[in-house]
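Enquirer: no letters, just coordinates:
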């Protein structure tokens, strides 16, 4: 058994994933990582390896950008000559997203 602090260090050294001990505790509480609580929280290297192999941890953080900066700039350039509907159809997205990009909110 290893402490959550040791688990965080293990994740950094073996998988180059930086997490805090609090994140490890939350994964255990959320049943994403096998672990136990005595006077402190503990897990095992095997449990960490198993969770990493099954992509249970680390959880995805936010959404990956769908459009690059160049594409968003192109949307803004097209706005002078085309409607939101046309631009959205060209890029395969929602009109409201194009509007947000053109107004500088995305």
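Expert: In hand now; what should we look at? Treat the numbers as computed from the prediction; the structure is a model and nothing was measured.
Enquirer: residue ranges with poor pLDDT in the chain?
Expert: Low-confidence segments of the chain, defined by pLDDT under 70: 59-65.
Enquirer: quick check: domain ranges of it?
Expert: 2-53, 69-102 (automatic domain parsing).
Enquirer: save the ones you listed as a markdown table, and put in mean neighbour count too.
Expert: Quick note: C-beta positions are derived from backbone N, CA and C, even for glycine. Below are those laid out as a markdown table (neighbours: other CB atoms under 10 Å):
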| stretch | mean neighbour count |
| --- | --- |
| domain 2-53 | 16 |
| domain 69-102 | 15 |
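Enquirer: and after the strand or helix carrying residue 14, which helix or strand comes next?
Expert: Assigning secondary structure by DSSP states H and E places residue 14 in helix 4-15. The helix or strand immediately downstream of helix 4-15 is helix 21-29, counting by DSSP H and E.
Enquirer: now do that following helix: which elements does it pack against?
Expert: helix 4-15, strand 41-43 (3 or more CB pairs under 8 Å, 6 or more residues apart in numbering; DSSP states H and E).
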